[in-house]
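Undergrad: Make a model of this:
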Amino acid sequence: MVIQLNDAFPENLKFLRKKRGLSQIALARQTGISVHYLRGIEKGHLHSQLSLTQYMSLCSTLQVSPSVLGVVHIDE
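TA: Purely as a prediction, here's the structure:
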């Protein structure tokens, strides 16, 4: 499955992480995503490689619906 994210996704992720009072390390641990990878996502470098499972884990941990973070389309 391929997910297409909008350009605001990295900034939305960072904003919501901070709003929830989570460090990058804490969010990485709770979602099972490496800190290095999470940092790359927030910088806008690696989010195109994000899996649907990882995306849904981020949404769940941040307690937001998938549309809030910035999903545009999911191709099966």
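Undergrad: Let me see the contact set for Pro10.
TA: The neighbours of Pro10, taking C-beta atoms under 8 Å, 6 or more residues apart in numbering as the test, are Ile41, Glu42, Lys43, Gly44, His47. Yep, even glycine has a C-beta here, placed from its N, CA and C like the rest.
Undergrad: For the residue lying closest to it once chain neighbours are set aside, the count of nearby residues, please.
TA: Closest residue to Pro10 apart from its sequence neighbours, by C-beta to C-beta, 6 or more residues apart in numbering: Gly44 at 4.2 Å. Using other C-beta atoms under 10 Å, Gly44 has 15 neighbouring residues.
Undergrad: And Gly44, how far from Ala8?
TA: Note on Gly44: its distance to Ala8, by C-beta to C-beta, to the nearest Å, is 10 Å.
Undergrad: do the same with Ser51
TA: 20 Å.
Undergrad: now swap in Arg39 and tell me
TA: 18 Å.
Undergrad: now swap in Gly21 and tell me
TA: Taken as C-beta to C-beta, the span from Gly21 to Ala8 is 21 Å.
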